[in-house]
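*Asks:* please find the sequence and the predicted model below.
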Amino acid sequence: MNIVRNHSGQDVNVILFEARDPLLNYLEANIVTLQESLLELNFARLLQLFWNVFNQEIRKASVIFKLGDTREQEVFYNRLLRLLDIIQDYFKGGDAGLTAEELDTFDYRETNKLFSYYTIDTSYLIGVYYMSRGEEQIVTKRS
């Protein structure tokens, strides 16, 4: 098994779990209390706000890290993508949480796109860039 380590020599997997568990514990403790205390509509609004803020903040926090090589960067952002999926499942919360449509917000799409860009091969990323520029030109010509 190839263990990827950060600059301080820590296993990146360990760092993900150390970050994920307190986050889920915090969410569980506070969201359950809010669910019990708020009206259903207000709770749904607050849950949507939390989801958007989470996406904004994890995006901001992710760009702070300076990673040494592309393999380390790829592993780091793959783990963030997995964390994003875990938190998204948490916010679904069965019938009590947000729907798939409510979770598919602009902030979520931007977070997912950013993390995905850091995990894909450069040659593929160049193709994605040119395709998006072409789509922009088509839209501009129609306007």
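*Replies:* Looks like it arrived, so ask away.

*Asks:* rest of the way, CA atoms for contacts and neighbours
*Replies:* Fine.

*Asks:* flag the shaky bits of the protein, pLDDT-wise.
*Replies:* Confidence mapping of the chain against pLDDT under 70 gives the ranges 1-17, 19, 66-68.

*Asks:* quick one, longest helix in it?
*Replies:* In the chain, assigned by DSSP state H, the helix with the most residues is helix 12-37.

*Asks:* give me the helices and strands touching that one, please.
*Replies:* Applying 3 or more CA pairs under 8 Å, 6 or more residues apart in numbering; DSSP states H and E, we find helix 12-37 packed against helix 70-92.

*Asks:* related to what we said a few turns ago, list the buried residues of the longest helix of the chain.
*Replies:* Buried residues in helix 12-37, defined by neighbour count with 16 or more other CA atoms under 10 Å: 12, 20, 27, 31, 34-35.

*Asks:* closest to V128 among those residues?
*Replies:* Proximity of the buried residues of helix 12-37 to V128, judged by CA to CA, is greatest for V12, which lies at 28.1 Å.

*Asks:* so T119, which state does it fall into?
*Replies:* At T119 the chain is in coil, as set by DSSP: H, G, I helix; E, B strand; the rest coil.
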